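Q: Pasted the sequence and its predicted model underneath.
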Amino acid sequence: MPKGVFPRKLKPASERFERFVDRSGDCHLWTGGKAGKGYGSFNNGYAHRFAYEQSKGAIPDGLVIDHLCRVHACVNPDHLEAVTNAENIRRGVSVERTRMRCAEIKSCPKGHEYNEANTRLIRGKRHCKECTRIAVKNYDERNRVKRMLAARAYREKLGIKPDPRKRAKADAMLVALGMQPDLFDEAA
């Protein structure tokens with residue numbers, strides 16, 4: 001060995017592991033490097049597998065480690081269990097679990113209640129009839145205004161004078177929609 005070069009002594013893996021564990025909450029969160037989907041990475045493997053093996057022994061062949069808490073960065077041995085892959089998938093976020101979670105939502109994002117009279121099922125998803133009604137009304141009003149403005153521009157192009165009563169009604173509709181009628185006169 002050359003002079004002045006000393007072999008580096010690594011600390012034991014369990015000691016290095018502890019440097020990256022945040023035990024402030026119920027879940028002991030891995031603060032070190034992360035692998036895919038937020039799983040902790042340690043010693044050329046997964047941190048949660050290392051934690052399980054340190055506290056409960058080797059992982060039996062054919063089993064995988066399931067996070068009972070559903071937090072991928074958790075390395076708390078009490079939250080880890082060796083199960084078959086099929087069981088791990090069954091416990092994961094499944095279609096049924098998603099349906100149960102969605103069933104707990106009692107109103108649409110706009111606050112309208114989901115009930116028999118106000119809910120339509122389309123391809124298994126709930127749609128609020130009140131929101132649909134409002135969206136269709138807004139769409140119709142916007143298109144009515146576009147058609148009205150196009151017709152006004154066409155008549156003015158042909159030199160046809162607008163009827164003052166119809167013009168007043170159209171301007172009132174624009175004001176009701178929050179638009180200024182005089183802006184459209186300049187555009188035409």
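A: Now that the structure is in, tell me what you want to look at. Numbers count the residues shown, from 1 in each chain.
Q: in this structure, which segments are predicted with low confidence?
A: 1-7, 94-97, 180-188 (pLDDT under 70).
Q: which strands and helices sit next to the helix ranked longest in it?
A: Identified as the longest helix of the chain according to DSSP state H is helix 129-158. Helix 129-158 sits against strand 119-122, helix 164-176, helix 181-187, with contacts defined as 3 or more Cβ pairs under 8 Å, 6 or more residues apart in numbering; DSSP states H and E. Backbone N, C-alpha and C define where each C-beta goes, glycine included.
Q: per-domain residue ranges of the chain.
A: 13-85, 104-188 (automatic domain parsing).
Q: want to try JSON lines for the ones you listed, with mean neighbour count and distance to Gly92 as columns?
A: Shown next, in JSON lines, are those (neighbours: other Cβ atoms under 10 Å; distance: least, Cβ to Cβ, whole Å):
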{"stretch": "domain 13-85", "mean neighbour count": "15", "distance to Gly92": "8"}
{"stretch": "domain 104-188", "mean neighbour count": "12", "distance to Gly92": "19"}
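Q: Turn those into a markdown table, including distance to Arg91.
A: As requested, the domains of the chain are arranged in a markdown table below (distance: least, Cβ to Cβ, whole Å):
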| stretch | distance to Arg91 |
| --- | --- |
| domain 13-85 | 6 |
| domain 104-188 | 19 |
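Q: Starting from Val145, give me the distance back to His67.
A: Noted for His67: a distance of 55 Å to Val145, by Cβ to Cβ, to the nearest Å.
Q: Also Lys166?
A: 14 Å.
Q: repeat for Met100
A: Counting by Cβ to Cβ - Met100 and Val145 are separated by 44 Å.
Q: Make sure Val64 is actually in contact with Glu81.
A: No. Val64 is beyond contact range of Glu81, at 9.7 Å (criterion: Cβ atoms under 8 Å).
Q: would you turn the helices and strands packed on helix 129-158 into CSV with distance to Tyr52?
A: Output for these, formatted as CSV (distance: least, Cβ to Cβ, whole Å):
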stretch, distance to Tyr52
strand 119-122, 43
helix 164-176, 66
helix 181-187, 68
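Q: Tyr139 is nearest to which of those?
A: When the helices and strands packed on helix 129-158 are compared by Cβ to Cβ, helix 164-176 sits nearest Tyr139, at 15.2 Å.
Q: That closest one versus helix 129-158: what angle between them?
A: 140 degrees (axes from the mean of the first three to the mean of the last three Cα atoms, to 10 degrees).
Q: List the contacts of Met173.
A: Applying Cβ atoms under 8 Å, 6 or more residues apart in numbering, we find Met173 in contact with Arg144, Val145, Met148.
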